[in-house]
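[1] Would you be able to build a 3D model of this:
(one chain, ligands or ions: 2)
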Amino acid sequence: MNEAISRKVYLNDYKPFGWEVEQVSLTFRLSPRGTRVLSRIAFRPREGGRFFLHGEGLRLISAAIDGRTVTPEVTDEGLTCEVPDRPFLWEAEVEIAPEDNTALEGLYMSNGMFCTQCEAEGFRRITFYPDRPDVMAPFRVRIESDLPVLLSNGDPVASGKGWAEWHDPWPKPAYLFALVAGDLRAVRDSFTTRSGREIDLAVWVREGDEDRCGWALESLKASMAWDEREYGREYDLSVFNIVAVDDFNAGAMENKGLNIFNSALVLASPETATDRDFERIEAVIAHEYFHNWTGNRVTCRDWFQLCLKEGLTVYRDQQFTGDMRSAPVKRIEDAAMIRSRQFREDNGPLAHPVRPEEFIEINNFYTITVYEKGAEVVGMLHRLVGQNAWRAACDLYFERHDGQAVTIEDWLAAFRDTTGRNLTQFMRWYSQAGTPRLSVAEDWDGQTLTLTLRQHTPPTPGQQEKAPQLIPVALGLLHPSGPEILRTQIVEMTEPEEVVRYDVGALCKAAGLKTERPVVSALRNFSAPVMLEHDQSPKERAFLLRHDTDPVNRWEAGRALSRAALTAMATGGDADPQAWLEGLEAALTDETLDPAMQSLLLSLPSEDDLAQSLADAGEAPDPLAIRHAVEAMQDHMAETLEPVLTRAFEATAGTGPFRPDAAGAGRRSLHNACLTLLTRRDEGTRARETFARADNMTASLGALNALLSVGAGKDELAAFEARWQHDRLVMDKWFALQVMRASPEQATEVAERLTQHPQFAWKTPNRFRSVIGTLAGNAAGFHHPSGAAYDFFADWLLKLDPVNPQTAARMSTAFETWRRYGPERQARLRATLERIAASPGLSRDTGEMVARMLG
Ligand code: PHE
Ligand code: ZN
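    Numbering: from 1, shown residues only. Ligands and ions are numbered 1, 2, ... in the order given. Just a heads-up that it's a prediction; the model follows:
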């Protein structure tokens, strides 16, 4: 990496901008190769200093201050200029070429449409500006173009043939700026706020996609109503526009009044989208909408505070999904995600605090730690202070900071001032990286149960010493005959070691039961993002799987059993899946259990999770052995549970017309899970029938997945392609599924062949991810000892890097686990990373990632 581009930015270096921006007016004369951007910006001095405006890849045509031409000094990063010591008007004209913008940052083109992506630092590719989130201003925008639809932030002001004007009265940072121009169709609806204002809602799509917008609009209205009800937050403009874009680096973007979405996260119909897609769309629509208050009205002082908006907004969208669907199911899914993907990041070379203190490229910090661990931290705070104080503190935060760019300290101050609580120790959740280990040791004397809780956090890059965290540990006790004798209580652990005692004799007596050693259910509801080390026997786990009143721990007990059996199988040890299978059988025949929950219980830990478990236990995982163990376990499950699986499969068949609600989705999920296992016993008969009869994407993809996972499904794959070849979103699924289900020996070959498919448009991130990204998700294929996948993957990353550094850098995290493998794989992986690092012209984005991974 070149010195100049690898400069680090530090939280401690924060300095406010020396000028206030009072007003921004922009005029866009759109043209693919030469768009002209005219800016008029009113500055008012505060501290003053060196006047610097960011700007990248801009051709400066002219600049003037108060109408007098100036000649600023322009570098690769921006410009400096002498400015007067009083309020002044800055005017500049620049030229940019949206058509050549493959990085998809700034103003770019997708299928003939102009669109923008400015978070985090993309606005500087549009015009010269103080491109930092603490500079907030109202924007006026005029767009000149022959395209029929011209959109920007805020309220529409006026329009005519070939032009449109927009005004956004709410001061906002430049990263929330957006512009869209194209030949688009609107699907419209409206929402009346609780104060009686009517808002025009629209989803803008390509012609032909109009019949796939209904779900997004329903989700949007539900989100608007929910935020009013749960947080007292109302929408604040007369229109709310959503645009679907095919070429997009991320999921979606919360630009003020003009959200821009990856089309995969807006468009849905039962024929083309799965239940998962519907649920994700609902959640992402909500997420971006909720940003209107948590992110837009109150924004971040600097990018180190990213979790201020993201952690909080993810927490809010999780609450929303829990309310719209099943709260326990949502909680289990979130806990499972943290435990697999966030722990993987937190325990590897890319570990960083929820609020990082340094970075080279901010785009590399849109991570699962900032988002999902950030949300866990917010959730802990909520549970610690309770619902009433939570709501009061959020109200205070909005009231105090509306229109401001603030910090995590400001956020916590709202809680301190509401509750009087000292949150100094809690603050460590934001500053300390790594996953705390929480061990629970039990001592039983026949009457009293003594629990010794110990915590410690291993070192992470750049942070050797770790201080104890405030860990809320939710605990409950069950009598071995089944009933709960101690309802969930929270132990607020603050020290490295703490002892808690329970007078079990008294608890049993109160419940009218004989005094016996209870079964401990610890870390209920995943009350803190920690790794729990609690030695429990298979018998105790099977008991919890059957009797725990806490759904997360019920699921966790099952997970612990299957994980233990699978890791033993993968290392040639003694595997006893008996307890697991019995518990599973009981769960599948328990009619009080939600099918969605039964489906979750049926799922096995991912191969990557198993690799991590082995690494945690000090063993070098062999991904091939893990794959064999998983397959052997599936065979075993299919064989022993065949009658129950058959019954559940039949009971969940044919549920009437498709509705994307939680109940239907739960039934279909269980149906597919049973089908996958039964396909191992019936030569694919049921899956073929299901595929032939399927009238929705959840069913067809479920059947196709089942077939491919036993090495069948060739004809179905061809039929699927013939039917969907004109549908880019469905084709992404077709590409991905083949790579995901390829055998370890063939995975690279399959991916390679697919890159030669006429529809492999590698510059479109969704398609690139569906083939190349998915290969890293096929753990046994990716880590095949031939090393072919490493080479292939690295070659493609290097090809993508100059074109789209953001997406390339994001995908390089496929290598973050390299140190967990044995010497041969490690050597290969290191060599691959070194080859990438040494590649000439590597982007700052990917350069930073590989440097951190190599450590
Ligand atoms: N801020 C977007 C979100 O909510 C994510 C995003 C970041 C999108 C950067 C594009 C670029 O979650
Ligand atoms: Zn977000």
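
[2] Which parts of this structure belong to which domain?
    Listed domain ranges for the chain are 19-268, 298-431, 437-531, 725-855 (source: automatic domain parsing).

[3] Give the rounded mean pLDDT of the shortest one.
    The average pLDDT within domain 437-531 is 98.

[4] and G48, what does it touch?
    G48 makes contact with 18-19, 85 under the criterion CB atoms under 8 Å, 6 or more residues apart in numbering. The way it works is simple: take the backbone N, C-alpha and C, and place the C-beta from them, glycine included.

[5] Please tell me how far K514 sits from A441.
    25 Å (CB to CB, to the nearest Å).

[6] Mind checking which of the two has more residues around it?
    A441 (13 against 10; other CB atoms under 10 Å).

[7] residues near the closest residue to that one other than its chain neighbours, how many?
    Take A441 and drop its neighbours on the chain: the residue closest to it by CB to CB, 6 or more residues apart in numbering is T452, 4.5 Å away. For T452, the neighbour count with other CB under 10 Å is 13.

[8] Could you check how many residues crowd around the closest residue to ligand 1 within the chain?
    Nearest to ligand 1 in the chain, going by CB to the nearest ligand atom, is A250, at a distance of 3.5 Å. When counting by other CB under 10 Å, one arrives at 18 neighbours for A250.

[9] ok, it - contacts?
    Going by CB under 8 Å, 6+ apart, A250 touches 117, 262, 366.

[10] mind checking how far it is from ligand 2?
    A250 sits 9 Å away from ligand 2, taking CB to the ion, to the nearest Å as the criterion.

[11] Check A557 too.
    For A557, the distance to ligand 2 (CB to the ion) stands at 33 Å.

[12] again with A268
    Here the criterion is CB to the ion. By it, A268 lies 20 Å from ligand 2.

[13] just P32 next, same as before
    Distance of P32 to ligand 2, given as CB to the ion: 30 Å.

[14] I'd assumed that residue was in a helix, is it?
    No - counting by DSSP: H, G, I helix; E, B strand; the rest coil, one finds P32 to be coil, located in no helix.

[15] Tell me the confidence at it?
    For P32, the model assigns a pLDDT of 98.

[16] Checking E372 next. Helix, strand or coil?
    Three-state call for E372 (three-state DSSP): helix.

[17] I'd say T192 and D200 touch.
    No - distance between T192 and D200: 11.1 Å, which falls outside the contact criterion (CB atoms under 8 Å).

[18] Pick out whichever of these two has more residues nearby.
    D200 (16 against 12).

[19] any idea how far ligand 2 is from that one?
    Going from D200 to ligand 2 by CB to the ion gives 24 Å.

[20] Equivalent analysis for C300, please.
    Between C300 and ligand 2 the computed distance is 11 Å (CB to the ion).

[21] Close to ligand 2: what parts of the stretch 351-500 of the chain are there?
    For the stretch 351-500 of the chain, no residue is in contact with ligand 2 (CB under 5 Å from the ion).

[22] residue of the stretch 351-500 of the chain with the smallest distance to ligand 2?
    Y371 (7.2 Å; CB to the ion).

[23] Just give the number of residues close to that residue.
    Residues lying near Y371 (other CB under 10 Å) number 19.

[24] helix/strand/coil for the residue nearest to A441?
    Reduced to three states with three-state DSSP, the structure at T452 is strand.

[25] Which of the helices or strands spans L201?
    Take DSSP states H and E as the rule and L201 turns out to sit in strand 198-205.

[26] Tell me the helices and strands packed up against that strand.
    Counting contacts by 3 or more CB pairs under 8 Å, 6 or more residues apart in numbering; DSSP states H and E, strand 198-205 is packed against strand 185-192, helix 214-231, strand 239-245.

[27] touching ligand 1 at all, the shortest one?
    No - for a cut-off given as CB under 6 Å from any ligand atom, strand 239-245 has no contacts with ligand 1; the smallest distance is 10.9 Å.

[28] Please work out which residues outside that strand touch it.
    With contact meaning CB under 8 Å, 6+ apart, strand 239-245 is reached by 110, 113, 115, 151, 155-156, 180, 184, 191, 199-206, 209, 216, 220, 257-263, 266-267, 285, 289.
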